[in-house]
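*Asks:* predicted model, plus sequence, below.
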Amino acid sequence: MSKISSFFKGGSSSSSKSKHHRSRGAPSPQEAINKLRETEEMLTKKQDYLEKRIEQELATAKKHGTKNKKAALAALKKKKRLEQQLTQIDGTLSTIEFQREALENSHTNTEVLKNMGYAAKAMKQVHENMDVNKIDDLMADITDQQDVAQEISEAISRPFGETYDEDELLAELEELENEAEEEGMLTMGGLPSVPSANLPSLRPDQRATTRRRAEEDDDMQMLSSWGT
């Protein structure tokens, strides 16, 4: 038997005893709290009444003063008795307030413990059908299945056919482009240098002669290529 169950079983027996005693006149905690509050209200009203009486007796003593010394002294004596009663009521109120707060705290703690006991019993009932070893096996199975699902997802998303290294292909393409540029430069014989001085302008007859010589040179190169 768990400590909680024994505690509340003990509580139930004590509860039955308290019910038995209550049937003989013992009040419940809430009834006692209500009675203490009623007593506080009554004493508070008594305080107000005494404070007003003290003010009245003080006013009477001031009224008679030295004119009626006997009446003034009697009023002051009443005032002193009333002040003593007021002091006693203040002390009684403090005691009752302390007792009421202690009873309220005890009642609250009892209800809290009772509810905690109910919660503990409910939790115990929920866990009765649970096996820690089975839970560990279940979590291990879930982890394995998650790994399998991940492998399946990777297999499905993997592209079909041969795969190539993209960086390697880019490096090869760059090498081909460099070779093509070098071959183009060799075919063209390099770019001619631009003359820095201004070329002299030719007369019309000179331009015709130059064009004719160029055509003859082209014809000679064509004939030589055919001969080879």
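*Replies:* Here it is on my side, so go on. Computed from a predicted structure; not experimentally measured. Numbering: from 1, shown residues only.

*Asks:* can you list the low-confidence ranges for the protein?
*Replies:* For the chain, applying pLDDT under 70 flags the ranges 1-25, 159-164, 188-208, 216, 218-228.

*Asks:* now do 50
*Replies:* Scanning the chain for pLDDT under 50 picks out 1, 3-5, 7-16, 20-23.

*Asks:* which helix runs longest in this protein?
*Replies:* In the chain, assigned by DSSP state H, the helix with the most residues is helix 69-127.

*Asks:* from the contact counts, what lies against that helix?
*Replies:* Judged by 3 or more CB pairs under 8 Å, 6 or more residues apart in numbering; DSSP states H and E, helix 69-127 is in contact with helix 3-23, helix 29-64. For glycine as for every other residue, the C-beta is placed from the backbone atoms N, C-alpha and C.

*Asks:* next, the angle from that helix to helix 29-64.
*Replies:* Counting by axes from the mean of the first three to the mean of the last three CA atoms, to 10 degrees, helix 69-127 lies at 160 degrees to helix 29-64.

*Asks:* any idea how far helix 69-127 is from the chain center?
*Replies:* Counting by CA atoms, centre = their mean, to the nearest Å, helix 69-127 is centred 41 Å from the centre of its parent chain.

*Asks:* now stretch 116-129
*Replies:* 29 Å.

*Asks:* over to stretch 177-188?
*Replies:* Worked out by CA atoms, centre = their mean, stretch 177-188 lies 66 Å from the chain centre.

*Asks:* just stretch 26-46 next, same as before
*Replies:* A distance of 45 Å separates the centroid of the chain from that of stretch 26-46, by CA atoms, centre = their mean.

*Asks:* same check, this time on stretch 53-64
*Replies:* The chain centroid and the centroid of stretch 53-64 are separated by 66 Å, computed with CA atoms, centre = their mean.

*Asks:* what does it contact?
*Replies:* Contacts with stretch 53-64, where a contact means CB atoms under 8 Å, 6 or more residues apart in numbering, come from 71, 72, 73, 75, 76, 78, 79, 82, 83, 86.

*Asks:* next, the buried residues of that stretch.
*Replies:* 53, 54, 57, 60, 61, 64 (16 or more other CB atoms under 10 Å).

*Asks:* quick check, nearest of the residues you listed to residue 144?
*Replies:* residue 54 (87.3 Å; CB to CB).

*Asks:* hmm, back to that, which among the contacts of stretch 53-64 end up buried?
*Replies:* 72, 75, 78, 79, 82, 86.

*Asks:* let's have these in JSON lines, adding distance to residue 142.
*Replies:* Shown next, in JSON lines, are the buried ones among the contacts of stretch 53-64 (distance: CB to CB, whole Å):
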{"residue": "72", "distance to residue 142": "95"}
{"residue": "75", "distance to residue 142": "91"}
{"residue": "78", "distance to residue 142": "87"}
{"residue": "79", "distance to residue 142": "85"}
{"residue": "82", "distance to residue 142": "81"}
{"residue": "86", "distance to residue 142": "75"}
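
*Asks:* just give me the closest of those to residue 39.
*Replies:* Of all these, residue 86 has the smallest distance to residue 39: 16.5 Å, by CB to CB.

*Asks:* contacting residues for the closest one?
*Replies:* By CB under 8 Å, 6+ apart, the residues touching residue 86 are 47, 50, 51, 54.

*Asks:* run the last query once more with 10 Å
*Replies:* Contact partners of residue 86, counting by CB atoms under 10 Å, 6 or more residues apart in numbering, are 46, 47, 49, 50, 51, 53, 54.
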